[in-house]
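Participant: Predicted coordinates and the sequence they were generated for:
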Amino acid sequence: MSAVFLPEIKSKEDIVRLVDELGFLPYFKGEIPGFSIEENCRRFWGTPENPDCPWDWKGPVIRESGCAYGKYYRGRALYISRDWFPDFANYRRDGYDYDARVDDGKARRRDERIMQILAERSPLVSKELKALACLSEESRKSFDANLVFLQMQGYVTVSDFVYQTDRRGKTFGWGLAQYATPEQRFGADFSSRVYAREPSESAERIRAHLKKLLPQASAAQLARFLG
């Protein structure tokens, strides 16, 4: 595959195609020039009244491509194809499923209740998850940061975006992120592949892919992308 030079993104179908072709597609501009939706879409921001833009396409892209979506790139949004996500999660998890991480004392206690709730009841819209998982003012204050941390570790993904409706059934506002564990979102296809390799092997596969895709990126930039 030659170096990536993204075409102008005009529709959700363009994003679905690029996620499938590239494997990884950042939503916002990052340190690797040109490698984002933001830099290649003229109408990047919409409005609640006219939301036809990448933000409004997130749910359809997730559903139609079957990809993973979450804050995976230095705490910022990243699409990852269904084919590449098992390796990505394996590396970020360092080969641990969450129960094993807890048993070995490698999990943060403030994250455990979020994972417990998701394991029992996902998918859950963000505000529902927060209401169930946060039992104190301190936990409510740290909820957003904890949820990002779990995404960065590869244990949580956005499964869809859900819209609020008025009394007439008409949707309004921006979509609310709906969260799940990858095991629940992708089922056996993910569970059978996520730990199939050593984490270091998964990392090297991703690094080699990105190096071929992005020859202009430095080794440090690729390392930061991997996380």
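Facilitator: Cool, got the structure.

Participant: If you count contacts, what does the one helix or strand in the chain whose mean pLDDT sits lowest end up packed against?
Facilitator: Ranking every helix and strand in the chain by mean pLDDT, DSSP states H and E puts strand 171-180 at the bottom, with a mean of 82. Applying 3 or more C-beta pairs under 8 Å, 6 or more residues apart in numbering; DSSP states H and E, one finds that strand 171-180 contacts helix 54-65, strand 124-125, helix 126-133, strand 157-165. Just so you know, the C-beta spots here come from the backbone N, C-alpha and C atoms, and that holds for glycine as well.

Participant: what's the closest of those to Glu198?
Facilitator: strand 157-165 (22.4 Å; C-beta to C-beta).

Participant: separation between Cys41 and Lys211?
Facilitator: Relative to Lys211, Cys41 is positioned 26 Å away (C-beta to C-beta, to the nearest Å).

Participant: who's more crowded, those two?
Facilitator: Cys41 (19 against 12; other C-beta atoms under 10 Å).

Participant: isn't the more buried one right up against Pro54?
Facilitator: Yes - Cys41 is within contact range of Pro54, at 5.7 Å (criterion: C-beta atoms under 8 Å).

Participant: Please enumerate the shared neighbours of these two.
Facilitator: By C-beta atoms under 8 Å, 6 or more residues apart in numbering, Cys41 and Pro54 have these common neighbours: Ile9.

Participant: Give the buried residues for the host helix or strand of Ile117.
Facilitator: Using DSSP states H and E, Ile117 sits within helix 109-121. Buried residues in helix 109-121, counted by 16 or more other C-beta atoms under 10 Å: 111, 114-115, 117-118.

Participant: Surely Asn90 and Ser200 touch.
Facilitator: No - between Asn90 and Ser200 there is no contact under C-beta under 8 Å: 9.8 Å.

Participant: More neighbours: which of these two?
Facilitator: It is Asn90, of Asn90 and Ser200, that has more neighbours when counted by other C-beta under 10 Å, with 25 against 12.

Participant: residue closest to the middle of this structure?
Facilitator: Nearest to the mean C-alpha position of the chain, counting by C-alpha atoms, centre = their mean, stands Gly70 at 2.0 Å.

Participant: before we move on, the earlier item: of all the buried residues of helix 109-121, which comes closest to Ala145?
Facilitator: Using C-beta to C-beta, the buried residues of helix 109-121 come closest to Ala145 at Asp111, 10.0 Å.
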